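Colleague: Build me a model from this:
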Amino acid sequence: MRCEADDIISTEESRMLFCQTQCQLLVTCFMLGVFIATKTVYDKFRREFSKLTVVVIGAGPIGLSSALVAAKSGRVSKIILIEENSRSELMNRSNQIAFDTRSISFLRRHGVDFDNLEGCWDNLCFFTRIGVYLDYILSVLYRDEIPVDIRLNEKFSKDLVNEIDSLPGRVLVITCDGPNGNSSRLLGLSDDAIQLPCGAYGAFASLQRDDQLSSVPKPETRAHNLKFDLTAYGAYVEDKETDPGFSVKIFGNTRNRYIALAITKCETALVKALRTILDRSLMRNIFTKCFNTYKSSEEKSASESYVLNRMTFSPRLFEIKLSQKCETVAYFDDSDMFVITEGEAARNYNFHTGKV
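Modeller: The predicted model follows:
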């Protein structure tokens, strides 16, 4: 009898223990479900309310690329693009832009379809007119799901600063209106720039080919270790072994051709002559000979009479410097607004054209 009673008590205790375990398991599952649901709602709420309004000032290659990256980031609720030129003026910009392999890979991840963009490929690089690229990015932004307020033909002013200050939430302002723009100053940032030496001298020339009816993109041409014979101008090289030689780059489209010369900073007789002799015919002759020697095979040679009124160029060698703004970012706590100025990527290695 005692054994049967003990068995009944043991069975009852096991049943109670099982019920308690089930209750604890249900409570744990319930608490876990509440935690997951709460965290999901919180994360969604945080993502929605942590999104930025991005204001881009300037619709050049840097400005429009910044707007495109912002639109594809998933962290932006609205984009405002401000540009003082019209769309037709942007489209008619004839200067050529080149994309290296790293830039192509980056922009492709953000939706740029280079295979359907007017231009040409050479050595895994892509070349097109700036106007073509700008028009393409504008079309992509117009079609994007993110609300984009594109304001062309509108110059940045103090009234727009007040409008930006009144925007709700966090605001990111990217100023890309170039070294002559006034947006950084109006937003409270210094527009001063420092110039850092690059250890090289250079010169630049542009050739307007009026015989070309359209601007067809062309690949870049480069040559190195060039030696110039300036004995006809009273200058000569005493020791050619110490001369590092010049590098030349010819780029641009069929209508707008550009020639850049660069040489490692040195004080050879040739470099001294090109830095001190102010003889426009000398530099014009150098650029003409470089162009005729290294131009593409289908291009016509340029005679001295042809370039006389069609070529602008540096009158002598200048030191190549890297321009960088002294102030690149600021945060305004009262309006919860970040301002980032145009980075040095758009102002790298500026050649003095001799026209300033």
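Colleague: residue closest to the middle of this protein?
Modeller: The centre of the chain sits closest to residue 62, judged by CA atoms, centre = their mean, with a distance of 3.9 Å.
Colleague: So what does it have for phi and psi?
Modeller: Taking degrees, to the nearest 10, you get phi -70, psi -40 for the backbone angles of residue 62.
Colleague: Next: the one 3 residues further on.
Modeller: Torsion angles at residue 65 (phi, psi; degrees, to the nearest 10) stand at phi -70, psi -40.
Colleague: try residue 198
Modeller: The phi/psi pair for residue 198 (degrees, to the nearest 10) is phi -110, psi 0.
Colleague: And residue 87, by the same measure?
Modeller: phi -70, psi -40.
Colleague: Please look at it and residue 137 and confirm they touch.
Modeller: No: judged on CB atoms under 8 Å, residue 87 makes no contact with residue 137 at a distance of 11.6 Å. The way it works is simple: take the backbone N, C-alpha and C, and place the C-beta from them, glycine included.
Colleague: For the stretch 151-300 of the chain, which residues score under the pLDDT cut-off?
Modeller: Where the stretch 151-300 of the chain drops to pLDDT under 70, the residues are 233-242.
Colleague: Tell me where the stretch 251-356 of the chain has strands.
Modeller: 256-264, 311-313, 318-325, 329-332, 337-341 (DSSP state E, counting those that start in this stretch).
Colleague: Determine which of the ones you listed approaches residue 52 most closely.
Modeller: strand 337-341 (8.4 Å; CB to CB).
Colleague: Each with direction, which strands does the closest one pair with?
Modeller: strand 171-175 (parallel), strand 329-332 (antiparallel) (DSSP bridges).
Colleague: Just send these back as JSON lines, with mean neighbour count and distance to residue 224 too.
Modeller: Converted to JSON lines, the strands paired with strand 337-341 look like this (neighbours: other CB atoms under 10 Å; distance: least, CB to CB, whole Å):
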{"stretch": "strand 171-175", "mean neighbour count": "23", "distance to residue 224": "37"}
{"stretch": "strand 329-332", "mean neighbour count": "13", "distance to residue 224": "38"}
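Colleague: Relative to residue 285, which of those strands is closest?
Modeller: Nearest of the strands paired with strand 337-341 (CB to CB): strand 171-175, 41.6 Å.
Colleague: what's the following helix or strand after the closest one?
Modeller: Following strand 171-175 in sequence order, the next helix or strand is helix 183-186 (DSSP states H and E).
Colleague: what residues does that following helix touch?
Modeller: 57-58, 156-158, 161, 175, 177, 190-191, 325, 327, 339, 341 (CB atoms under 8 Å, 6 or more residues apart in numbering).
Colleague: dump the residue contacts of the spatially closest residue to residue 244 that is not a sequence neighbour.
Modeller: Nearest non-adjacent residue to residue 244, counting by CB to CB, 6 or more residues apart in numbering: residue 264, 4.6 Å away. By CB under 8 Å, 6+ apart, the residues touching residue 264 are 199-200, 244.
Colleague: So what pairs up with residue 264 in the strands?
Modeller: residue 200.
Colleague: Would you mind measuring from it to residue 322?
Modeller: As judged by CB to CB, to the nearest Å, residue 264 and residue 322 stand 15 Å apart.
Colleague: repeat for residue 279
Modeller: 29 Å.
Colleague: wait, residue 94 sits on residue 258?
Modeller: No: contact between residue 94 and residue 258 fails when scored by CB under 8 Å: they sit 11.2 Å apart.
Colleague: More neighbours: the two, which one.
Modeller: More neighbours surround residue 258 than the other of residue 94 and residue 258, with 19 against 14 (other CB atoms under 10 Å).
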